[in-house]
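1. Predicted model and sequence follow; I will ask about them next.
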Amino acid sequence: MEDPRRKEEEKEKPLQHATPRHGRQKGDAFLVRSLRFGREDCREAARVPAVWPKLCFGVIMASPPSRPAPTVPTVDLSPFLAGTAAGGGGAAEAARDAATRAIAAALQTTGFFRVVNHGVPAELMDRAVELSRDFFRRPYEEKLRSGPVEGSGAPVPVGYARQPESLPDKNEYLMLCPPETGFNIYPADPPQFREVLEKLYKELAKLASLVEDIVSGCMGLPPNFLRDYNGNRISDYLVAMRYFPVIKAGSGGGGGGEDTGLRAHMDGNVLTFVFQDDVAGLEVLDGDGGEWIQVSPEKGTIVVNVGDILQVMSNNRYKSALHRVVPRPVDRHSYAFFRTFDGGSWVEPLPQFTAAAGEKPQYKGFFYGEYLQHRMRNKTHPPARPEDEIDISHYAI
Ligand SMILES: O=C(O)CCC(=O)C(=O)O
């Protein structure tokens, strides 16, 4: 039988063409769309439509590398789902422990992992990508009919938008807040799109609750700690994305003035859940090796990444993953679900990672909404030097 680890290693060996030109650059980190908006932030965004668009060697080795090629691990969530074969008993508990350990390790290394047997139906994911492809291939004027409505009071700028030409990020997207709020703007066509998006939102929200509970366990906290810490789910959001084919010669990865799918950035939220079509392009920076690792598409899997909130709460134990989407010669479609905190939530390193661990806090505490305001301002009033943009290091002690 083929060793699945080998397959994994072959697929995800660091990209030879993508020599990193930067590490965690401050200027890379800001993407309006991957920010979390509190209600007030959103009203501000509604007054300023320009900020709506998504704020996102070959060397022959003389000797073998001293460390194994980093990979994005795959974690089977079936032991956590009721009704599955591994639902009960000691074996199930051992399987849950093993999965929790695998997630804990990923949180501390690349900040990225994949989940399988996650409960989100594969047919729903496929259908959602199909319908999104159908929607995005329609004329711009038609898509604009689902554009955001100013002053709607929606917690995020819901609806269709395209990145301004001036930005190197070449993508368009449809954003949704929790369907039960009634704020969403759904395209009339394709007709089944709304139903599928609403189902998808519900399923991804369920998955996010499960993974958040597992992460609470990884942090040595009660399973519902993160869920209860932010009981208000109004600020979570889902985005359907289409990346345009980029044909400009020399286009590369994140930044440098070249066109890209989505510049290198860290998400401002707690956890992000992404699934993609088979085009590829998502990459995460391996902080230790300084290499971009391809997060290749694996049918039916969902990619999970850590955001700034977890990095702060864990006092830097967990990594807010620096990631990007590199351009491809064809369209790419993906969905990203952002699990967040409400703007009124207080964010600071938890005692488990400071006093109890004998470590000094590496961040001062802040209200999440304040951080969002800073990130918003980066965009509305960009500083002369990109390195002066405010990211999570603003709160570092
Ligand atoms: O489209 C993807 O694969 C990733 C999207 C992403 O990184 C983001 O929206 O922050």
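-> Cool, got the structure.

2. wait, what's in contact with whatever residue of the stretch 151-300 of the chain ends up closest to the ligand?
-> In the stretch 151-300 of the chain, the residue that lies nearest the ligand is Leu282 (3.9 Å; Cβ to the nearest ligand atom). Where C-beta positions appear, they are placed from N, C-alpha and C, glycine not excepted. By Cβ atoms under 8 Å, 6 or more residues apart in numbering, Leu282 lies in contact with Val274, Gln276, Gln294, Val295, Val303, His323, Arg324, Val325, Ser334.

3. Any chance of JSON lines for the residues you listed, columns pLDDT?
-> Converted to JSON lines, the contacts of Leu282 look like this (pLDDT from 0 to 100):
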{"residue": "Val274", "pLDDT": "98"}
{"residue": "Gln276", "pLDDT": "97"}
{"residue": "Gln294", "pLDDT": "93"}
{"residue": "Val295", "pLDDT": "95"}
{"residue": "Val303", "pLDDT": "98"}
{"residue": "His323", "pLDDT": "94"}
{"residue": "Arg324", "pLDDT": "95"}
{"residue": "Val325", "pLDDT": "95"}
{"residue": "Ser334", "pLDDT": "98"}
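
4. Please tell me which one of those counts the most neighbours.
-> Tallying neighbours with other Cβ atoms under 10 Å puts Val325 at the head of the contacts of Leu282, with 29 neighbours.

5. right, and that one touches His265 too?
-> No. Counting by Cβ atoms under 8 Å, Val325 does not reach His265; the two are 9.8 Å apart.

6. tally of neighbours for Glu93?
-> 12.

7. To clarify, my last question referred to Tyr173.
-> Tyr173 has 24 nearby residues by other Cβ under 10 Å.

8. Tell me where the model's unsure across the stretch 201-350 of the chain.
-> Across the stretch 201-350 of the chain, the ranges flagged by pLDDT under 70 are 247-258, 289.

9. ranges for the strands of it?
-> Assigned by DSSP state E, counting those that start in this stretch, the stretch 201-350 of the chain shows strands spanning 237-243, 262-265, 271-276, 282-286, 291-294, 302-306, 323-325, 332-339, 346-347.

10. Now do whatever helix or strand comes next after the shortest one: which elements does it pack against?
-> Towards the C-terminus, the helix or strand next in line after strand 346-347, according to DSSP states H and E, is strand 366-367. When contacts are defined as 3 or more Cβ pairs under 8 Å, 6 or more residues apart in numbering; DSSP states H and E, strand 366-367 packs onto strand 346-347.

11. residue contacts, Tyr363?
-> Val312, Asn315, Glu348, Pro349, Ile392, Tyr395, Ala396, Ile397.

12. let's see it at 10 Å
-> Counting by Cβ atoms under 10 Å, 6 or more residues apart in numbering, Tyr363 makes contact with 308, 311-313, 315-316, 347-349, 354, 392-397.

13. For it, name its beta-bridge partners.
-> On the basis of DSSP bridges, Tyr363 is bridged to Ala396.

14. What's the local residue count around Pro386?
-> 15.

15. Make residue 1 into 15 and carry on from there
-> With 15 as the first residue, the last one maps to Pro400.

16. from memory it sits against Asn392, does it?
-> Yes. Contact criterion Cβ atoms under 10 Å: Pro400 and Asn392 qualify, at 9.0 Å.

17. from the stretch 265-411 of the chain, which residue is nearest to the ligand?
-> Closest point on the stretch 265-411 of the chain to the ligand, by Cβ to the nearest ligand atom, is Ser348, at 3.5 Å.
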